[in-house]
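>>> Need coordinates for the below:
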Amino acid sequence: MPAQQTTLIPPPVPAPRTPRRGIRFLPPPLRAHPGGRRLRTRAATATVWYLRLLAVLNIAAVVSLPFREEVHEHNAGEYFTPYLATAGLVSAALALFLAVVMRRRKRAAWLFNLLLAGPLLGLYAVALTRAPYRDHAFNWVSTALTGLFVAALLLGRREFDAIGDRSNPRLALAVGVGGTLVSGGLGTLLVHATNKVTGATLKDEIAYTLLRGISVGPLADRVPAVHAPRWADMTVNVLMAVTFLLVLYACFRAPRGARLLAEEDERRLRDLLDRHGERDSLGYFALRRDKSVIFSPSGKAAIAYRVVGGVSLASGDPLGDPEAWPGAIDAWLAEARRHAWTPAVMGASEEAGTVYARHGLDALELGDEAIVDLADFTLDGRAMRVVRQAHNRVRRAGYTVRIRRHEDIPAEEMALLVDRADHWRDGATERGFSMALGRLGDPSDGRCVMLECRDADGEPRALLSFVPWGERGLSLDLMRRDRACENGLMEYMVVELLLQAKESGIDRVSLNFAMFRSVFERGARLGAGPVLRLWRSVLTFFSRWWQIESLYRANAKYRPVWEPRFLLFAKSSDIPRIGLASARAEGFLTLPGRS
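Numbers count the residues shown, from 1 in each chain. Got it, this is the predicted structure:
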């Protein structure tokens, strides 16, 4: 392609426009100075560290009796402590939770802190004008620390732009009322059962319970008719702290991303797959209808994702033109920041991982995808002896395989296959997210390929379903079989596909994904280091419950090309949360309620 020539003719200068009545033409806003942005970022970070420090100090005050008494002494009478410095699990939970949501730059958390700390600072300032309070240096320190926190809030206010769910206030009110009734009722019963003073009324016990829920200090001593043991006080405080945490979670939870794939979105994604679908074997799985999608400004690329537990979980590579990938990634990351979602990508290729890394994401190798190149596949040779024997044994038992596109299967037969697939499913939960379509027999998936295996009596015993991978590839979607059928049935079906696919113009097939494949392979080699051997032993142990090593062994039979797949994340501390969200999305972990 010849290089583009740069013109030296200056562009024409547009004629000045005459402003219409009532309309003002303002100059474009000036770009923020880098120094000001750094100051805002540091101020926002300082508020997070202040809250973390206060959470640690409050927990230490609860655990340590001398420290707790010291805090109580400086939080009563003529003394006062900095913002949120009290001795109680409620204040510790509040500080810790606020630190988490402030780190996610939630606007509601910023406003919450300002509404609490601002008036408190004003109260401290007024108190310092009076003699009993201004005579104590500790009060000046408390005021200064609270003032610095408020100043940091104001300086960093533009950094806190993440929005919350509109239903949060209603949910928080319901959780607060219900939680207070439950925890308060249990606490009152406990106080009534353990009260060492006789003659206390129900009103006294309720008041004591509520005050003890705020602090384990002398605050509840204002109710002389009640005196409960120390362990009862701690239990009441913990119950109230849990309730308070639930209320805070309801207040600041991230939006769920309820806008799922619409018909217009699916049409645009299919257009991108028609033009660029051969790039990624997982591209077709972007059409799952429990995902949302965001497009690049040009519309030439898109990222499909699902919000699970506050994690914006994308899978595979972006769809579309690789030159437009950065625009789609920027839009996806901006949306994640706006909603305080944690961005993560499961199963990205090395090419896509490199592009994501340029946008600030780090990579961790998850495993490898098994891809069989049909030009090199053969059953001959000693390496294929096990597969060849299994194939011949099942074939001699009278099993046959029929390969058809979904669109070529009559509706009655497809309904029977769908019913059998549901019957053969292992468990009630449909598993899969990054490498599964999540539906079978949908009319819009007519280009998918079905392998139907019947026994010698003509009864269906197993089926495989593959989604298109461009024009000349297939990617495994669904694998189901009757548990009472012949061993080696799946190997027989896969081999039949690999042997017959060339006649249909297919030249590559993507099989299952093998997690940590390189660990099993390198860990078994001569000279493997102790860390690698230990890691392999750990994975082998967990393979008793999860198909980790067995998937690797099952795929390795076909001598595939192994393509690495990566997990992409913004911060290492988010990996446990991403792992939990991935387990929920894939169907390995089911929690009550919606994501």
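>>> got the contact list for Val236?
Gly187, Leu190, Val191, Thr209, Arg212, Gly213, Ala228 (Cβ atoms under 8 Å, 6 or more residues apart in numbering). All C-beta atoms are positioned from the backbone trio N, CA, C, and that covers glycine.
>>> Correction: the previous question concerned Gly488.
Gly488 makes contact with Ala390, His391, Arg393, Val394, according to Cβ under 8 Å, 6+ apart.
>>> tell me the centre residue of the protein?
For the chain, the residue whose C-alpha lies nearest the mean C-alpha position (Cα atoms, centre = their mean) is Val311; its distance is 2.5 Å.
>>> where does the residue lying closest to that one once chain neighbours are set aside land on pLDDT?
Of all residues not flanking Val311 in the chain, Ala581 sits nearest, at 3.8 Å (Cβ to Cβ, 6 or more residues apart in numbering). pLDDT for Ala581: 88.
>>> Counting neighbours, what do you get for Ala581?
The burial metric for Ala581, expressed as a neighbour count using other Cβ atoms under 10 Å, is 25.
>>> State the pLDDT value of Ser312.
According to the predicted model, the pLDDT of Ser312 comes to 92.
>>> picking that back up, between all of the contacts of Gly488, which two are separated the most?
Taking Cβ to Cβ as the measure, those reach their widest spread between His391 and Arg393, a distance of 7.4 Å.
>>> between those two, who's got more neighbours?
Neighbours of His391 and Arg393, each counted by other Cβ under 10 Å, are more numerous for His391; the result is 20 against 15.
>>> Looks like the more buried one contacts Glu491 (just checking).
Yes. Distance between His391 and Glu491: 6.5 Å, which falls inside the contact criterion (Cβ atoms under 8 Å).
>>> Could you name every residue contacting both of these two?
Residues touching both His391 and Glu491 (Cβ under 8 Å, 6+ apart): none.
>>> what about the nearest residue to Val355 once chain neighbours are set aside, how many neighbours?
Here the nearest residue to Val355 in space, its sequence neighbours aside, is Trp325; by Cβ to Cβ, 6+ apart that works out to 5.2 Å. Here the number of neighbours of Trp325 (other Cβ under 10 Å) works out to 24.
>>> which SS class is Trp325?
Under the three-state scheme (DSSP: H, G, I helix; E, B strand; the rest coil), the conformation of Trp325 reads as helix.
>>> same question, Arg461
Classification of Arg461 by three-state DSSP places it in strand.
>>> Could you give the number of residues near Ala585?
If you count neighbours by other Cβ under 10 Å, Ala585 ends up with 24.
>>> follow-up on the earlier one: dump the contacts of Val236 to TSV, plus pLDDT, distance to Val531 and neighbour count.
Listed next are those as TSV, based on pLDDT from 0 to 100; distance: Cβ to Cβ, whole Å; neighbours: other Cβ atoms under 10 Å:
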residue	pLDDT	distance to Val531	neighbour count
Gly187	88	50	28
Leu190	90	50	20
Val191	87	54	26
Thr209	85	53	28
Arg212	78	50	27
Gly213	76	48	26
Ala228	84	52	24
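>>> CSV for those residues, including distance to Arg559 and secondary structure?
As requested, the contacts of Val236 are exported to CSV (distance: Cβ to Cβ, whole Å; DSSP: H, G, I helix; E, B strand; the rest coil):
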residue, distance to Arg559, secondary structure
Gly187, 65, helix
Leu190, 66, helix
Val191, 71, helix
Thr209, 69, helix
Arg212, 68, helix
Gly213, 65, helix
Ala228, 71, coil
